[in-house]
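>>> For reference, the sequence and a predicted model appear below.
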Amino acid sequence: MDATQALTSLILRSSRVVVFTGAGMSTESGIPDFRSPGGVWSQMKPIYFQDFVASASSRREAWARVFSGRAGWVGASPNRGHLAIARLVESGKVASVITQNVDNLHQASGIPPRKVIELHGNASYATCLECGLRHELAELKAAHEASGDLPACQDCDGLVKTATISFGQTMPAGPMIRAEEETLACDLFIVLGSSLVVFPAANFPVMARRAGAGLVIVNREPTEMDSIADLVLHEEIGPLMEAVAERVLA
């Protein structure tokens, strides 16, 4: 049985599938990952949350990266894998997508936002750290270019930051609770493009397995959780998921 047949069979035998995606899901859209050689953090040092809050110079550097697009987190288009998952969500076969990514590509592929659980936030907009008001990046950039001032909340004048979870920042309680609920409710948990080394996010595959769900890991490199998986595939995600969706929905 080839990879496509093996994954298709598991999905067809399942009633509630959860997909969990990491950086490898989006590299096929041209978005760099973070930790591998040549990744984002090998080219620029991450700005910790505490430094962003405490230092105007850190905030200025952070916003320079956002406005210049140097980090490369946004602006790409969904790839074949994103579109295949969207089809499986639309069909009802996939109940939800839990993602470590901040690129908004699952929503851009057509998945309703309520079906996407973002563990590490979203880089396509910003929020006020005081009142939580959403701010659009294009508007913040235009105001910054006109005045040179760092972004501030239009309502309360609080600090504004991209809606990502930075190093040192507390994980968002709401998405973590929702991810746990979805994980415990599924009977098949599919990991796509995650090295499963970033915790607490990497706890979810273990949680699913312990709750009795099947576990599939599709990743370019081996992970430390391969030994507990029912199926491990080292395949390109886009072509694989496209072929799987075709068979599942045939």
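Yes, it's here.

>>> Please enumerate the strands of the chain.
17-21, 94-99, 116-118, 121-128, 134-136, 160-164, 188-192, 214-218, 231-233 (DSSP state E).

>>> Using CSV, please lay out these together with mean neighbour count.
From N, CA and C alone the C-beta is placed, and that goes for glycine too. Formatted as CSV, the strands of the chain follow (neighbours: other Cβ atoms under 10 Å):
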stretch, mean neighbour count
strand 17-21, 27
strand 94-99, 26
strand 116-118, 24
strand 121-128, 20
strand 134-136, 14
strand 160-164, 22
strand 188-192, 27
strand 214-218, 23
strand 231-233, 18
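
>>> now the ones you listed as TSV including distance to residue 153 and mean pLDDT?
Formatted as TSV, those follow (distance: least, Cβ to Cβ, whole Å; pLDDT from 0 to 100):
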stretch	distance to residue 153	mean pLDDT
strand 17-21	31	98
strand 94-99	27	98
strand 116-118	21	98
strand 121-128	4	94
strand 134-136	7	96
strand 160-164	6	95
strand 188-192	36	98
strand 214-218	41	98
strand 231-233	45	97
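
>>> Quick check, residue 166 in contact with residue 59.
No - at 11.5 Å, residue 166 and residue 59 do not qualify as touching, with contact defined as Cβ atoms under 8 Å.

>>> what is in contact with these two at once?
residue 52 (Cβ atoms under 8 Å, 6 or more residues apart in numbering).

>>> Chain neighbours aside, what residue packs nearest to residue 153?
Nearest residue to residue 153 in three dimensions, chain neighbours excluded: residue 128, at 3.8 Å (Cβ to Cβ, 6 or more residues apart in numbering).

>>> that older thread, as CSV, the strands of the chain with distance to residue 198 would be great.
Below are these laid out as CSV (distance: least, Cβ to Cβ, whole Å):
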stretch, distance to residue 198
strand 17-21, 12
strand 94-99, 12
strand 116-118, 14
strand 121-128, 13
strand 134-136, 26
strand 160-164, 14
strand 188-192, 12
strand 214-218, 15
strand 231-233, 19
